[in-house]
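Participant: please find the sequence and the predicted model below.
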Amino acid sequence: QVQLVESGGRLVQAGGSLRLSCAASGLTFSSYAMGWFRQAPGKEREFVAAINRSGGITYYADSVKGRFTISRDNAKNTAYLQMNSLKAEDTAVYYCAAGSLAAAVQRGSFDYWGQGTQVTVSS
């Protein structure tokens, strides 16, 4: 059974930083691209970042480019999202996802996703 478990979300002040983690089990982690999405109340889910299997290629939404960094540790079966210079508009539930290709994950095509972790940025 595949599980993606996000953690690290909490309340933080604007300008602060958070690191989200996504622990994967039940799949060969290094065979999957990973991605992060978010959904704010009343809004559609949106792409945040994606990373390929080896970690050498990354994609970002324009809204987070330069502030967020996606990474992965294949030895630990874990993906990360380092979020700096947080803004109130970053408030959302953040989900991680696993798919075959990072470019496909970027387009919203993936095989598995987690339950999400809440990030709240106070202004």
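Facilitator: Thanks, I have the structure now.
Participant: right, and the helix or strand after the lowest-mean-pLDDT helix or strand in the chain?
Facilitator: Counting by mean pLDDT, DSSP states H and E, the weakest-scoring helix or strand in the chain turns out to be helix 102-106, with a mean of 89. Proceeding C-terminally, helix 102-106 gives way to strand 112-113 as the next helix or strand, assigned by DSSP states H and E.
Participant: paired strands for that following strand, with orientation please.
Facilitator: strand 92-99 (antiparallel) (DSSP bridges).
Participant: using PDB, write out every CA atom in the strand it pairs with.
Facilitator: Output of strand 92-99 as PDB, limited to C-alpha atoms (Å, rounded to 0.1, in the frame of the first residue of the first chain):
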ATOM      1  CA  ALA A  92      -3.000  26.600   2.000                       C
ATOM      2  CA  VAL A  93      -3.100  22.900   2.600                       C
ATOM      3  CA  TYR A  94       0.100  21.500   0.900                       C
ATOM      4  CA  TYR A  95       0.000  18.100  -0.700                       C
ATOM      5  CA  CYS A  96       2.800  16.000  -2.100                       C
ATOM      6  CA  ALA A  97       2.400  13.800  -5.100                       C
ATOM      7  CA  ALA A  98       4.300  11.000  -6.900                       C
ATOM      8  CA  GLY A  99       4.300  10.400 -10.600                       C
END
